[in-house]
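**Q** just a sequence and a predicted model for now, questions to come.
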Amino acid sequence: MLADPRDVLTRPAPPPDATVAYGDHPEQCADLRRPAGDGPPRPLVVVVHGGFWRAEYDRAHTGPMAAALAALGHPVAQVEYRRTGQPDGGWPHTLSDVLAAVAALPELAAAALPGRVAPGPPILVGHSAGGHLALYVAAHAPDTVGGVLALAPVAGLAEAHRLDLDGGAVAALLGGGPAEFPERYAAADPSTLVPIQVRTVVMHGTLDRQVPVTMSRSWVVAARTAGTLATLVELPECEHFGLIAPDSPAWPRVLDALRSLHDDLPGIDAESRSR
């Protein structure tokens with residue numbers, strides 16, 4: 001485990017192979033990484049970063065994670081979106097940006113990385129607030145998503161607001177609390193959006209101090225009860241940031257979960273499964 005788990009937030013990574021725009025706003029972009037090797041095309045992996053939706057956290061801190069996935073043969077897109085503290089950040093643009101990005105990125109990545117991206121919807125890998133956004137997209141646009149790996153997701157916005165996670169992060173995203181904006185919470189809170197028709201793996205460390213593991217437990221129980229094909233993987237001795245650090249003890253478990261989603265996609269051949 002890293003001496004300071006937050007070190008992953010500032011760790012350098014190789015530059016991306018390309019950056020593409022999915023909209024006109026400067027934040028509506030994504031960094032693309034070419035998969036290593038010469039294997040068959042594989043589905044795009046879209047990494048949705050966390051940071052409690054705040055401007056001070058951008059896609060750069062997912063660089064080591066994205067580079068590690070690309071080294072294993074996955075085409076990867078690190079998506080950016082408008083965030084709270086920026087003009088037009090928060091409701092509704094933070095959420096609509098990620099919806100638009102997930103819909104557009106498979107085609108954009110296929111054009112930028114010819115021959116390396118398999119047709120079909122991407123797998124979403126979202127961490128923390130990015131896990132919330134991945135679940136949100138899967139609930140509202142399931143046809144654009146091949147699977148979701150939600151790493152320590154903020155899976156209950158009303159509960160996160162009650163707990164005052166990150167000092168009012170949910171209120172900053174949605175403009176206030178559930179009593180003030182019930183329609184926004186109804187539209188944006190994964191706990192109200194079950195069932196979702198997308199295979200989902202939720203992974204959470206039991207030592208997480210940023211997002212309590214109980215939130216993932218509650219969401220998976222509700223999702224499974226409603227009919228979602230959802231799995232919870234709890235990692236003892238893992239905190240919040242180890243899930244995105246390629247040198248952490250948790251990383252092999254993250255890869256196992258991603259592999260399970262990849263293998264569940266239709267049209268994946270035996271050679272791709274074995275990689």
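**A** Arrived safely.
**Q** use CA for all of it now, contacts and neighbours both
**A** Fine.
**Q** element containing the residue sitting nearest the centre point of the chain?
**A** For the chain, the residue nearest the mean C-alpha position is Gly126 (1.3 Å; Cα atoms, centre = their mean). Assigned by DSSP states H and E, Gly126 belongs to strand 123-127.
**Q** other residues contacting that strand?
**A** 43-50, 131-134, 145-153, 243-244, 261-262 (Cα atoms under 8 Å, 6 or more residues apart in numbering).
**Q** tell me who's in contact with the closest residue to Trp53 other than its chain neighbours.
**A** Excluding its sequence neighbours, the residue lying closest to Trp53 (Cα to Cα, 6 or more residues apart in numbering) is Arg83, at 5.3 Å. Applying Cα under 8 Å, 6+ apart to Arg83 gives the contacts Trp53, Arg54, Ala55, Gly89, Gly90, Thr94.
**Q** quick one: the fifth one from Ala169, how far?
**A** Between Gly90 and Ala169 the distance, using Cα to Cα, to the nearest Å, works out to 10 Å.
**Q** pLDDT weak spots in the chain?
**A** Within the chain, the stretches with pLDDT under 70 are 1-3, 266-275.
**Q** in which helix or strand does the closest residue to Pro190 other than its chain neighbours reside?
**A** Of all residues not flanking Pro190 in the chain, Ala155 sits nearest, at 5.4 Å (Cα to Cα, 6+ apart). Secondary structure from DSSP H and E places Ala155 outside every helix and strand.
**Q** how many neighbours does Ala155 have?
**A** 31 (other Cα atoms under 10 Å).
**Q** got it, and the one 5 residues further on?
**A** Ala160 is flanked by 20 other residues according to other Cα under 10 Å.
**Q** which ones are touching it?
**A** Ala160 touches Val154, Val170, counting by Cα under 8 Å, 6+ apart.
**Q** same question for the one 10 residues further on.
**A** Contact partners of Val170, counting by Cα under 8 Å, 6+ apart, are Phe52, Leu157, Ala160, His161, Asp164, Gly176, Gly177.
**Q** tell me which element the nearest residue to the fourth one once chain neighbours are set aside is part of?
**A** Distances taken as Cα to Cα, 6+ apart place Val170 nearest to His161, at 5.6 Å, with adjacent residues excluded. Element membership for Val170, per DSSP H and E: helix 169-174.
**Q** can I get that helix as PDB, trimmed to CA atoms?
**A** The C-alpha trace of helix 169-174 is given here as PDB (Å, rounded to 0.1, in the frame of the first residue of the first chain):
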ATOM      1  CA  ALA A 169     -20.300  18.200  -2.100                       C
ATOM      2  CA  VAL A 170     -23.700  16.900  -3.000                       C
ATOM      3  CA  ALA A 171     -25.400  20.300  -2.300                       C
ATOM      4  CA  ALA A 172     -22.800  21.900  -4.500                       C
ATOM      5  CA  LEU A 173     -23.700  19.400  -7.300                       C
ATOM      6  CA  LEU A 174     -27.400  19.600  -7.100                       C
END
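**Q** next one: it to chain centre, how far?
**A** Its chain's average C-alpha position is 18 Å from that of helix 169-174, according to Cα atoms, centre = their mean, to the nearest Å.
**Q** please enumerate the strands of the stretch 151-275 of the chain.
**A** Secondary structure of the stretch 151-275 of the chain by DSSP state E, counting those that start in this stretch: the strands cover 200-205, 230-235.
**Q** actually the stretch 1-150 of the chain, not the one I wrote
**A** Secondary structure of the stretch 1-150 of the chain (DSSP E, counting those that start in this stretch): strands at 18-21, 29-33, 45-48, 76-79, 123-127, 147-151.
**Q** switch these over to a markdown table; also include distance to Ala250.
**A** Below are the strands of the stretch 1-150 of the chain laid out as a markdown table (distance: least, Cα to Cα, whole Å):
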| stretch | distance to Ala250 |
| --- | --- |
| strand 18-21 | 29 |
| strand 29-33 | 23 |
| strand 45-48 | 17 |
| strand 76-79 | 20 |
| strand 123-127 | 14 |
| strand 147-151 | 11 |
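**Q** nearest to Val254, of these?
**A** Ranking the strands of the stretch 1-150 of the chain by proximity to Val254 (Cα to Cα) places strand 147-151 first, at 8.4 Å.
**Q** and the closest one, which strands flank it?
**A** Partner strands and pairing direction for strand 147-151 (DSSP bridges) are strand 123-127 (parallel), strand 200-205 (parallel).
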